[in-house]
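>>> Turn this into a structure:
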Amino acid sequence: MSLLLLVVSALHILILILLFVATLDKSWWTLPGKESLNLWYDCTWNNDNKTWACSNVSENGWLKAVQVLMVLSLILCCLSFILFMFQLYTMRRGGLFYATGLCQLCTSVAVFTGALIYAIHAEEILAERPPGGSFGYCFALAWVAFPFALASGVIYIHLRKRE
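Down below sits the predicted model:
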């Protein structure tokens with residue numbers, strides 16, 4: 001049982017790391033010439049003084065929806081981990097982790113929806129940018145976090161506390 005709890009906790013921490021990097025790092029969209037866009041800033045590499053020049057992203061409604069969903073997924077994932085630890089130490093033997101599982105399933109839905117909106121509406125979000133480019137690694141991390149969070153939620157729902 002302790003090995004299973006260790007694996008579930010490690011998976012949850014991995015999901016948290018993936019979500020933090022996907023939400024806060026600077027590569028949801030990459031353009032040629034060391035230019036990258038994230039959910040918060042539009043950064044370009046300045047060859048003259050070898051620094052990054054960053055400005056706020058557009059006020060596109062779809063991008064705002066992605067920002068909200070990714071932050072919501074982070075909050076839900078943190079909440080479910082805290083809830084799991086609370087339930088682990090206070091719940092009676094034989095109890096199920098329904099609340100933690102439901103919270104983690106909501107995390108996966110939020111990540112899925114945010115990444116899907118960004119994928120479908122990338123042209124609208126990047127309308128002011130030159131054509132070309134590709135999805136960055138933060139976008140890929142969001143998609144990787146989705147099945148992990150989904151699996152974690154299902155595991156939590158089926159997990160029963162034992163001595």
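
>>> What is the top helix by length along the chain packed up against?
Looking across the chain with DSSP state H, the single longest helix is helix 61-90. The helices and strands touching helix 61-90, judged by 3 or more CB pairs under 8 Å, 6 or more residues apart in numbering; DSSP states H and E, are helix 2-24, helix 98-120, helix 122-125, helix 137-158. Heads up, the C-betas are built off the backbone N, CA and C, glycines and all.

>>> Name the residue closest to the centre of this structure, please.
Compute the mean C-alpha point of the chain, and by CA atoms, centre = their mean the closest residue is L19, 3.1 Å away.

>>> I'd say that one and I75 touch.
No: contact criterion CB atoms under 8 Å: L19 and I75 do not qualify, at 9.9 Å.

>>> Could you name the residue of the chain that is farthest from its center?
The outermost residue of the chain relative to its centre, with distances by CA atoms, centre = their mean, is D48 at 34.4 Å.

>>> From S55, how far out is that one?
For D48, the distance to S55 (CB to CB, to the nearest Å) stands at 17 Å.

>>> Please apply the same query to N47.
Taking CB to CB, one finds N47 at 17 Å from S55.

>>> One more: K26?
Computed with CB to CB, the distance linking K26 and S55 is 12 Å.

>>> repeat for A99
41 Å.

>>> Have a look at the two and say which one is more surrounded.
A side-by-side neighbour count of A99 and S55, using other CB atoms under 10 Å, places A99 first with 17 against 9.

>>> Could you double-check that that one sits in contact with I82?
No: in this structure, A99 is not within contact of I82 by CB under 8 Å, at 10.9 Å.

>>> burial count for C77?
27.

>>> Excluding covalently adjacent residues, which one is nearest to it?
Distance criterion CB to CB, 6 or more residues apart in numbering; nearest residue to C77, sequence neighbours excluded, is T107 at 4.6 Å.

>>> One more: I13?
Going by CB to CB, 6+ apart, I13 has F81 as its nearest residue, at 7.7 Å.

>>> shouldn't that neighbour be in contact with L16?
Yes: with contact defined as CB under 8 Å, F81 reaches L16; the gap is 6.7 Å.

>>> my read: W29 touches L126, true?
Yes: using CB under 8 Å, W29 is in contact with L126, at 6.2 Å.

>>> tell me the contacts of I157?
With contact set as CB atoms under 8 Å, 6 or more residues apart in numbering, I157 has these partners: 96-98, 101-102, 105.
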